[in-house]
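Q: Based on what follows, work out the 3D shape:
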Amino acid sequence: MESYIDLHIHTCKSDGIYTPSEIVKMASKKKLKAIAITDHDTVDGLNEASIEAQKLDIEFINGIEINTNFGDGQLHMLGYFINPSSQAIKSFLEDTKKSRYKVFIKWLLKLNRYGIRVSTDELNKHQFSMNQDGIIDYMILKKYVNSKEQALKEYFDVGGKLFIQRDKPTPEQAIKIIKQSGGIAVLAHPFRSIKHKPLNELVSELVSYGLNGIECYHSEQPKEIVLESSELVKQYNLVVTGGSDFHGNEKTNVQLGAGYGNLPIQMDILKNLKKHRNCEGIM
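A: Numbers count the residues shown, from 1 in each chain. Below you'll find the predicted structure:
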C-alpha cells in the first residue's frame, strides 16, 4: 500500500483558511503519512501543527515559503526542515514585519485619497487585522467593494490603485536564510516563474546561489514543466519535491494531498529529500 504526503500547505497564519491543527486533522482523515506547513513569510503555525501531528502520528516537517522580489515580479522559495528559532529566521521575520507595516501605512494614506475613510482605529473597532486582509474586510463591510477578488484586482494586485512592491529578499538572500536556518531551499511552482526568465536559465542562476531542489509536482503545474523541471533536477543533482499548495479556498477545488485529484505525492519524495539533506551535511 502506497503512503502519500503533502509538502506544500498553507494555514490561516498566512493566506489559508484553516488553523494548523485543523490542517493536521484533515491530513489524518486523508491518511497522509507526512505533511509540511509552508506559510508565506511566517513560522507562526509550526508549533501548533507539530503538537497536533505528534498526537495523530503524522510526520511533520517545519517549512516556510519566502516571497522574493525578482525583476519586476517575484519568486517563491520553499524551505524545509528549517529551525524556526534560528537567528536567520528571526531576523528575516523582523525585517518582514517592518516592511509590511510600512506598506500598510502607505495603503491607509492612499485609500483616504481615494475617498475610502479607513484608519487603525476603525480597523480596531471592528476587530479587523492590521494588514491587507483587514483592510479588505473593512472595504467589504463598508461596501466599497463587493468581494475580496474585486479588492485585489482593483486595488492590491499588480496594476491596482494601491499596488506597492514591498521590500522583500532576493532569491539569493532567501536561499541563504533557509540554509542558515538548517533548511533545504526549493524553488516553488516553477511554472509561475518562467514569465520572468526561461526555466533552464533561472535554475542555473539559483543553483549558483545554493538551490537544493525544485517543486516538480504541484496542483497547477503543466506536464511540460513537470518534465522540464525533472530534467533540470537530474542535470544539477537537485531534489524533487511536490505538494498541493492547499489553501482551503473552495473556489479553486484544490484538495489537501491530492490537488485536483491527480497529484498523489509518494513518501519516496520525502525520503529523497532527507537523503539530500544528509548529503548537504545539514542536521
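Q: what about the strands in the stretch 101-250 of the chain?
A: In the stretch 101-250 of the chain, the strands defined using DSSP state E, counting those that start in this stretch lie at 184-187, 213-218, 239-243.
Q: With mean neighbour count as extra columns, can I get those in JSON lines?
A: The way it works is simple: take the backbone N, C-alpha and C, and place the C-beta from them, glycine included. Listed next are the strands of the stretch 101-250 of the chain as JSON lines, based on neighbours: other CB atoms under 10 Å:
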{"stretch": "strand 184-187", "mean neighbour count": "27"}
{"stretch": "strand 213-218", "mean neighbour count": "25"}
{"stretch": "strand 239-243", "mean neighbour count": "25"}
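Q: Which one, of those strands, ends up nearest to Tyr260?
A: strand 213-218 (10.6 Å; CB to CB).
Q: Only alpha carbons, please: show the closest one as CSV.
A: Provided in CSV are the C-alpha atoms of strand 213-218 (Å, rounded to 0.1, in the frame of the first residue of the first chain):
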residue,chain,number,x,y,z
GLY,A,213,15.6,21.4,-5.3
ILE,A,214,12.6,22.1,-7.4
GLU,A,215,8.9,21.6,-6.7
CYS,A,216,8.3,19.5,-9.8
TYR,A,217,4.8,18.3,-8.7
HIS,A,218,2.2,21.0,-8.0
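Q: Dump the strands of the stretch 101-250 of the chain to a markdown table, plus distance to Gly159.
A: Shown next, in a markdown table, are the strands of the stretch 101-250 of the chain (distance: least, CB to CB, whole Å):
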| stretch | distance to Gly159 |
| --- | --- |
| strand 184-187 | 25 |
| strand 213-218 | 25 |
| strand 239-243 | 29 |
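Q: next one: stretch 275-282 to chain centre, how far?
A: Its chain's C-alpha centre and that of stretch 275-282 lie 23 Å apart, by CA atoms, centre = their mean, to the nearest Å.
Q: May I see the buried residues of it?
A: Residues of stretch 275-282 classed as buried by neighbour count (16 or more other CB atoms under 10 Å): His276, Arg277, Glu280.
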